[in-house]
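> Sequence and predicted model, in that order:
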Amino acid sequence: MLELNDVEAWRSYANDQRSKGYSVGLVPTMGALHEGHVSLFRAAKESSDVVLATIFVNPRQFHDARDLERYPRTPAEDRGVALASGVDCLISPTLSAMWPDYPAPTPTTVTLSVLGEAFEGAGRPGHFDGVASVVAKLFAITGPGRAYFGEKDFQQLAVIRQMVRDLSFDVEIVGCPIVRDLDGLALSSRNVQLSPEGRDVALGFSRALRSVATEARGASVQRDTLRAVLEEAGVDVAYAEVVNPSTLAPSRDDETGGRRALLAGYVEGIRLVDNGPVDVAGR
Ligand code: AMP
């Protein structure tokens, strides 16, 4: 596995692979790698010839300085995980290479209206502008044929798909299913910050999702159920919504298309998100 941190070396590696006729798959991450990331590497290995993984804790998508500071960083372990998962090139760019102006704002950024403003965007203003801007840079440097993102961050996936459509990036976005622990907790780099008791509280997320996954009811009843299960578990709920999976607009009770539950809340001061499919009444 090749390891690079210089942006120009990374660009020329990707150019070189493409000129040899290999398809390039990109998996952007913030590191502290776990089985959720590994599932993206495996998906990339299956449908792209060369897998590039990036590890960059992007400060522009953090709203809270303390959250950024506390974000887990495990570079030595990450190297082992990437190597064992078939990553061909692991890229860990420096902050100054990615954002030379930081902490001053970068003059050119990507801004998402509507999709970027609700849910995670409402609780963390500027979050998706930071995500979209860094992903646009990763695309510009790498020129991937495909890029792989987890459904764990469902709104992020929708935002990236929207950006790719609106700005005509020549990249196929591949969404990969959520990987969960045996107890149902969605894997997340932030889970290591939870105490054993906090982890029990956090199980409220998957419990809430299970409670609406197969119960065909109106969207407003499902919303109430989600919130009640989360609150009962002890989660400080940020939102519990049932939405159209493409537009993320709140579902109406009589809507018969697909629905997705989007959840976010705080456990021991740590913000957690989860989501899942929801059964639809009247189909
Ligand atoms: P992160 O390092 O948290 O920014 O995540 C990098 C990528 O891994 C994103 O596309 C996430 O959606 C994805 N990811 C994180 N956790 C999971 C999970 N439990 N299952 C599937 N994908 C995940």
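Structure's in. What do you need?

> Now do the strands in the stretch 101-250 of the chain.
146-150, 172-176, 236-243 (DSSP state E, counting those that start in this stretch).

> Roughly how far does the residue nearest to residue 94 when sequence neighbours are not counted sit from residue 17?
Closest residue to residue 94 apart from its sequence neighbours, by C-beta to C-beta, 6 or more residues apart in numbering: residue 5 at 6.1 Å. C-beta: built from backbone N, CA, C; applies to glycine. Residue 5 is 18 Å from residue 17, where distance means C-beta to C-beta, to the nearest Å.

> ok, those two, which is more surrounded?
residue 17 (20 against 14; other C-beta atoms under 10 Å).

> I'd like the mean pLDDT over the helix or strand in which residue 97 is found, please.
Element membership for residue 97 (DSSP states H and E) is helix 95-98. For helix 95-98, mean pLDDT is 96.

> Give me the contacts around it.
When contacts are defined by C-beta atoms under 8 Å, 6 or more residues apart in numbering, helix 95-98 is touched by residues 5-7, 56, 58-59, 102, 134, 137.

> Which two of these have the greatest separation?
Farthest-apart pair in the contacts of helix 95-98 is 6 and 59; separation 19.8 Å (C-beta to C-beta).

> tell me the secondary structure for residue 275?
Classification of residue 275 using DSSP: H, G, I helix; E, B strand; the rest coil returns strand.

> Please renumber the chain so that the first residue is 37 from this point on.
From this message on, residue numbering opens at 37, which makes the last subject residue 311.

> Once you drop chain neighbours, what's closest to it?
Nearest residue to residue 311 in three dimensions, chain neighbours excluded: residue 190, at 4.4 Å (C-beta to C-beta, 6+ apart).

> is it true that the one you found touches residue 296?
Yes - assessed by C-beta atoms under 8 Å, residue 190 is found in contact with residue 296 at 6.4 Å.

> Pull up the overlap in contacts between these two.
Counting by C-beta under 8 Å, 6+ apart, the shared contacts of residue 190 and residue 296 are 281, 311.

> Which one of these two is surrounded by more residues?
Legend: neighbour count by other C-beta under 10 Å for residue 190 and residue 296, higher for residue 190 (25 against 21).

> Run the contact check for stretch 60-79 versus the ligand.
Yes - judged by C-beta under 6 Å from any ligand atom, stretch 60-79 and the ligand are in contact via 65-66, 72-73, 75-76.

> and residue 317, what pLDDT?
On the pLDDT scale, residue 317 gets 54.

> How about residue 99?
If you check residue 99, the pLDDT there is 89.

> re earlier: mind listing which of the contacts of helix 131-134 are in helices?
43, 170, 173 (DSSP state H).

> Any quick ChimeraX command for the buried ones out of these?
Selection of buried members from the ones in helices among the contacts of helix 131-134 for ChimeraX, criterion 16 or more other C-beta atoms under 10 Å:
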select :170,173
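
> between the ones in helices among the contacts of helix 131-134, which is closest to residue 195?
Among these, and counting by C-beta to C-beta, the member closest to residue 195 is residue 170, at 11.9 Å.

> residue contacts, the closest one?
By C-beta under 8 Å, 6+ apart, the contact list for residue 170 reads 64, 92, 94, 96-97, 134.

> and of those, the nearest to the ligand?
residue 64 (6.3 Å; C-beta to the nearest ligand atom).

> helices and strands around the strand or helix carrying that closest one, which ones?
Using DSSP H and E, residue 64 maps to strand 60-65. On a contact count with 3 or more C-beta pairs under 8 Å, 6 or more residues apart in numbering; DSSP states H and E, strand 60-65 meets helix 43-55, helix 71-83, strand 86-91, helix 163-178, strand 182-186.

> Cool, thanks, talk later.
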